[in-house]
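Undergrad: model this:
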Amino acid sequence: MKITVVIAAYNEPENIGLLTARLIAVLDDVYHSQWELIYVIDGTDGTLAAAQSFAARRPEIRILHNPYPRGLGSAFRKGFEAIAADTTIVVTMDADLNHQPEEIPKLVRALFGRGADIVVGSRKVSGSVTEGAPFWKRALSDMVNRLMRRMMRMPVSDQTSGYRAYRYEALRRIPFYNTGFAFLPEILMRAHSVGLRIVEEPIQFVFRTVGESKMKLLPTALSYFSLLASSLSWRSPPNGSPQTFGGREWDRHWLSLGNGRSRSLFGLGSSAVRRFIFQPAVRFFLDKYFSAEGIFFEMGCGTGESSAAVPRRSRHFVGLDFSAVALAQSRIAGPFDSRVCADICRLPLQPASIDGIWNLGVMEHFSTPELMQALREFRGVLKPGGIVVLFWPAEANASRWVLAPVEWLRSAIAGKQFRFFPDEISRLKSRGEGADILKSAGFDPLEVDFSIRTFFIHMVVIGRKP
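TA: Just a heads-up that it's a prediction; the model follows:
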């Protein structure tokens, strides 16, 4: 097991030396040579020189430097990007000796002992001790934590604590965008929204005795409240099924198909098509192009029933959709290890963080500008060499031969337009069009299949990120 400690430091020349010495003592004693310390240092004060004096003697210490401060969130993002691939556990903490390095082993033990993905070193659970913190910081922290716990239904009392232990594989799955102090609660909110397990352990928090706090009251409070406002669109509600980004028409569509005994006739027919036609096709193409291990997203997963037969091997499957109804149903029918409620045109994922993307019956519902935006998002979050597999209906496909006359008849009887699906405005006219769209989005086309494998319903468009 290798542990990596990531610390962001700005204007901490009085604290960095003692902190580093205490960290080395703990890490050498407990983890021997299986550790690394990454400092992300902003500014040009004495902090950098003090850290470099330790790094010159200890190869386990790496220093990343920015001449100008860019915010706590930005610093940690840079540090996370530098973590070595063989890391098992990532610990984050403050550079001002608020957090006691001697408590690292306790957080790591809790990570394994309590089966967690994230352990928060908490100032707000039984057994914790807080010393010397000014009243305004305690008041702001208490208010923000109460609001977030109430509004987001988060199972964490101390969401603003920076003392944490993460499983590295879990940390890689958590996107965050805030560049300041608000990245701390944001990363927990997003972890909770994708189903990661978060627990708290009591810590001893000692407010700094030298140096100045970088947290300013007004900008920090504004950033927290801005985060709360924006997070309402991607939070997880109390029943565990994600909150929708929109997609009311799709919610109605999935409700109309029904679930289990309540399924409509059309829902039963759709389920049969997914099970007996699409499942074998999805299994064939995903097994052909996806590696046997990695992280793979179905973007616009619906119920996930079409993907239920894909062999798992060492793959981690994530279902992403903007319909809360579909994601709730995917818990029954889909193969997913976790779920994310989001818009494929605005993906809440880290760049170059996943190995493959697929979807079925999604792209035809978008206009050309929206298509290109979604494909650019796909390309951005895929690793180099990552694969995209799109099951994309053809303009003249077999399902339209069956459904179009029924839609026309029901529209004539009802006196208003009837559709089984929301409008399909971008069905593919040819294999060449599918390949050209991939090229325009920066992918290398690998194959465009239109055959009996999908009963001539979908073209299967496959590309690779260069």
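
Undergrad: in the stretch 251-400 of the chain, which spans are strands?
TA: 293-299, 314-321, 338-341, 354-360, 382-393 (DSSP state E, counting those that start in this stretch).

Undergrad: out of those strands, which is closest to residue 192?
TA: When these are compared by CB to CB, strand 338-341 sits nearest residue 192, at 11.2 Å. Every residue, glycine included, has its C-beta placed from N, CA and C.

Undergrad: in a helix, that's where residue 125 is, yeah?
TA: No. Assessed with DSSP: H, G, I helix; E, B strand; the rest coil, residue 125 is coil; it does not lie in a helix.

Undergrad: got the contact list for it?
TA: Going by CB atoms under 8 Å, 6 or more residues apart in numbering, residue 125 touches 157, 158, 200, 201, 202.

Undergrad: coming back round to it: could you name the stretch from the strands of the stretch 251-400 of the chain that's closest to residue 186?
TA: strand 338-341 (14.8 Å).

Undergrad: partners of that closest one, with directions?
TA: According to DSSP bridges, strand 338-341 forms sheet pairs with strand 314-321 (parallel).

Undergrad: figure out how far the strand it pairs with is from the centre of its chain.
TA: 11 Å (CA atoms, centre = their mean, to the nearest Å).

Undergrad: which parts of that strand are buried?
TA: 315, 316, 317, 318, 319, 320, 321 (16 or more other CB atoms under 10 Å).

Undergrad: the residues you listed: which two are farthest apart?
TA: Farthest pair in the buried residues of strand 314-321, by CB to CB: 315 and 321, 18.8 Å.

Undergrad: and the nearest residue to residue 6 once chain neighbours are set aside, which helix or strand is it part of?
TA: Spatial nearest neighbour of residue 6, chain neighbours left out: residue 79 (4.0 Å); criterion: CB to CB, 6 or more residues apart in numbering. In the assignment (DSSP states H and E), residue 79 maps to helix 72-81.

Undergrad: what does residue 16 give?
TA: helix 13-31.

Undergrad: which strands or helices does whichever helix or strand comes after that helix pack on?
TA: Downstream of helix 13-31, the next assigned helix or strand under DSSP H and E is strand 35-42. When contacts are defined as 3 or more CB pairs under 8 Å, 6 or more residues apart in numbering; DSSP states H and E, strand 35-42 packs onto strand 3-10, helix 13-31, helix 46-55, strand 61-66, helix 72-81.

Undergrad: could you check the angle strand 35-42 makes with helix 13-31?
TA: 160 degrees (axes from the mean of the first three to the mean of the last three CA atoms, to 10 degrees).

Undergrad: pairing partners for strand 35-42, with directions?
TA: Checking strand 35-42 against DSSP bridges gives partners strand 3-10 (parallel), strand 61-66 (parallel).

Undergrad: off-centre distance for that strand?
TA: Per CA atoms, centre = their mean, the centroid offset for strand 35-42 relative to its chain is 24 Å.

Undergrad: try stretch 100-109
TA: 26 Å.

Undergrad: tell me which residue of the chain is furthest from the middle?
TA: residue 413 (46.1 Å; CA atoms, centre = their mean).

Undergrad: what's the pLDDT at that one?
TA: pLDDT for residue 413: 73.

Undergrad: and it, helix, strand or coil?
TA: helix.

Undergrad: residue contacts, residue 66?
TA: 40, 41, 42, 43, 75, 78.

Undergrad: do that again at 10 Å, thanks
TA: Contacts for residue 66 (CB atoms under 10 Å, 6 or more residues apart in numbering) come out as 8, 10, 40, 41, 42, 43, 44, 74, 75, 78.

Undergrad: partner residues bridging it?
TA: The partner residues for residue 66, given DSSP bridges, come to residue 42.

Undergrad: roughly how far apart are it and residue 374?
TA: 33 Å (CB to CB, to the nearest Å).

Undergrad: residues near the residue nearest to residue 277 when sequence neighbours are not counted, how many?
TA: Nearest in space to residue 277, with sequence neighbours left out and distances taken as CB to CB, 6+ apart, is residue 455 at 5.3 Å. Residue neighbour count, defined by other CB atoms under 10 Å, stands at 15 for residue 455.

Undergrad: got it, and residue 293?
TA: So residue 293, with other CB under 10 Å, has 11 neighbours.

Undergrad: and the gap between it and residue 313?
TA: Relative to residue 313, and taking CB to CB, residue 293 is found at 7 Å.
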